[in-house]
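Visitor: 3D, please:
(one chain, ligands or ions: 2)
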Amino acid sequence: MFKFKEICGTVDGHTNWLYLNLRYIMIKDVKHIILVLSGKGGVGKSTVSVQLSLSLQYKGFKVGLLDIDLCGPSIPYMLGVENKGVYQTKEGWVPVYVDDDETLAVMSIGFLTKSKNDSIVWRGPKKTATINQFLTDVDWKNIDYLIIDTPPGTSDEHITIIEKMKELNCDGAILVTTPQELALEDVRKEFTLCQKTGIRVLGLIENMSGFICSNCEECTNIFSSDGGKLFAELVSIPFFGKIPIDLKIGKTCNKMESILVTYPLSSVAAVFNKVIEFITKL
Ligand SMILES: Nc1ncnc2c1ncn2[C@@H]1O[C@H](COP(=O)(O)OP(=O)(O)OP(=O)(O)O)[C@@H](O)[C@H]1O
Ligand code: SF4
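Guide: Numbers count the residues shown, from 1 in each chain. Ligands and ions are numbered 1, 2, ... in the order given. Predicted structure coming up:
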C-alpha cells in the first residue's frame, strides 16, 4: 500500500534493541525534545505544535517537527506540504524541509502513505515499532528543538512514546486543553500519566477559549472559560495563556508563518512568546 515496508525491513514488531540503541545516538544529538500532549482529540495539539515550531524557527532556532499521530496525521496538510515525500540515505530518513534554508524539518506518516485518504489500521505493536523508527531513523541533523505532536489519549503507543522520552531526556510536555470540563477531565489523565512516568509538565495552554469575531475582534466566550487556567493553578504548573478560536490561526499555519510575524501584538502571539521564553531557559 505504501513505502513503509522499506523502513520496516530492519526493525519490525520484534524490536532489534541493539540496532535501536545505536540509532538513538542520532536523536540524542537533538538538543531539546518537547512533547505536545492533550487528553482529548481536536483540541488544537497540532495547531500548537505547528505554531510553536514556526515561532521557534522565526526566533532563529533549527527545528524538527515530528508528527506521531499515525491514524490522523494532520501536520503535512496544516503546513501545506502534504504532496512532498521523504527519502532515505545511508544517514537515515531525510525529513521534509518547509523552507530553502532547511531550518524547519517535518516528519509524519502522512509523507509515507500514497494518498491522504489512505487509512492506517494497525494493532498496537506495529504502531509502537513505527514510532520507535521515527525516533531512531530520521536524520534531523543538528536541530535545536524537536517538537513532537502526539495522538490524543493514553493508549498503548502513547505510553510507549512517553517512556521513550524518558530515556531520551526529553525536556518535558506542554499540555493543550479546551476550557470545557470534558476536555479537562482528559488532560487531568494526561497530567497523571506524565507524573507516573516522570515526564516534566512544562505548562498548559488553554485553546479555543472564546471566539474572536473576524469583523470586530470582539472575543465571545461561547463555552466556559478559564478551565485550563484553574487546572494549571490547582496542580501548580505554569499557565502559558488562552488562545481564542480565531480564523487567522489556521491561515497563518497554512502560509507557514509564525503568529509572531503575522500578528505580533495579538493575545495568541503573547502565548507563544511566553512558551518560548520558558523553554529557552531550560
Ligand atoms: N485557536 C484556534 N482557532 C481556530 N481554529 C483552530 C484553533 N485551534 C485549532 N483550530 C482548528 O481546529 C481543528 C483541530 O485542531 P488540531 O488539528 O490542531 O487539533 P488536534 O488536537 O491536533 O486534533 P487531533 O486530535 O485530531 O490530532 C483544525 O482544523 C485547526 O485548524
Ligand atoms: S460586533 Fe458582534 S455581530 Fe458584529 S461582527 Fe462583531 S461579533 Fe459579529
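Visitor: Spell out the secondary structure type for whatever residue of the stretch 51-200 of the chain ends up closest to ligand 2.
Guide: Distances between the stretch 51-200 of the chain and ligand 2 by CB to the nearest ligand atom are smallest at residue 179, namely 19.2 Å. For the C-beta atoms, the positions are set from N, CA and C on the backbone; glycine is no exception. Under DSSP: H, G, I helix; E, B strand; the rest coil, the three-state class of residue 179 is coil.
Visitor: if I look at the closest residue to ligand 2 within the stretch 1-150 of the chain, how far off is residue 238?
Guide: In the stretch 1-150 of the chain, no residue comes nearer to ligand 2 than residue 44, which is 21.4 Å away by CB to the nearest ligand atom. Going from residue 44 to residue 238 by CB to CB, to the nearest Å gives 18 Å.
Visitor: what do you get for residue 252?
Guide: Look at residue 252 and residue 238: by CB to CB, they are 24 Å apart.
Visitor: got it, and residue 32?
Guide: Applying CB to CB, the value for residue 32 to residue 238 is 17 Å.
Visitor: and those two? which has more neighbours close in?
Guide: Neighbour count, other CB atoms under 10 Å: between residue 32 and residue 238, residue 32 has more, with 19 against 14.
Visitor: For that one, which residues are in contact?
Guide: By CB atoms under 8 Å, 6 or more residues apart in numbering, residue 32 lies in contact with 144, 145, 146, 171, 279, 282.
Visitor: quick one: what helix or strand has the third one in it?
Guide: Applying DSSP states H and E as the criterion places residue 146 in strand 145-149.
Visitor: mind saving the C-alpha coords of the helix or strand just after that strand as PDB?
Guide: Where DSSP H and E defines the elements, the next helix or strand beyond strand 145-149 is helix 156-167. C-alpha atoms of helix 156-167 as PDB (Å, rounded to 0.1, in the frame of the first residue of the first chain):
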ATOM      1  CA  ASP A 156      -0.500   1.800  24.500                       C
ATOM      2  CA  GLU A 157       1.500   3.600  21.900                       C
ATOM      3  CA  HIS A 158       1.100   6.800  23.800                       C
ATOM      4  CA  ILE A 159       2.600   5.200  26.900                       C
ATOM      5  CA  THR A 160       5.500   3.900  24.700                       C
ATOM      6  CA  ILE A 161       6.400   7.300  23.400                       C
ATOM      7  CA  ILE A 162       6.300   8.800  26.900                       C
ATOM      8  CA  GLU A 163       8.600   6.000  28.200                       C
ATOM      9  CA  LYS A 164      11.000   6.500  25.300                       C
ATOM     10  CA  MET A 165      11.000  10.200  26.000                       C
ATOM     11  CA  LYS A 166      12.300   9.500  29.500                       C
ATOM     12  CA  GLU A 167      15.200   7.500  28.000                       C
END
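Visitor: now helix 156-167 against strand 145-149, angle please.
Guide: Helix 156-167 and strand 145-149 are oriented at 160 degrees to each other (axes from the mean of the first three to the mean of the last three CA atoms, to 10 degrees).
Visitor: Alongside ligand 2, which residues does the chain contribute?
Guide: Selection of the chain residues close to ligand 2 by CB under 6 Å from any ligand atom yields 213, 215, 216, 218.
Visitor: got a winner among these for most neighbours?
Guide: Taking other CB under 10 Å as the neighbour criterion, residue 213 ranks highest of the residues of the chain next to ligand 2 with 12 neighbours.
Visitor: Now for the closest residue to it other than its chain neighbours: which residues touch it?
Guide: Leaving aside its sequence neighbours, residue 213 sits nearest to residue 220 (CB to CB, 6 or more residues apart in numbering; 7.0 Å). With contact taken as CB under 8 Å, 6+ apart, residue 220 is in contact with 210, 211, 213.
Visitor: For residue 177, see how far away residue 220 is.
Guide: For residue 220, the distance to residue 177 - CB to CB - is 19 Å.
Visitor: my guess is residue 246 meets residue 268, correct?
Guide: Yes: at 6.6 Å, residue 246 and residue 268 qualify as touching, with contact defined as CB atoms under 8 Å.
Visitor: burial count for the residue of the stretch 1-150 of the chain closest to ligand 2?
Guide: Counted with other CB under 10 Å, the neighbours of residue 44 add up to 21.
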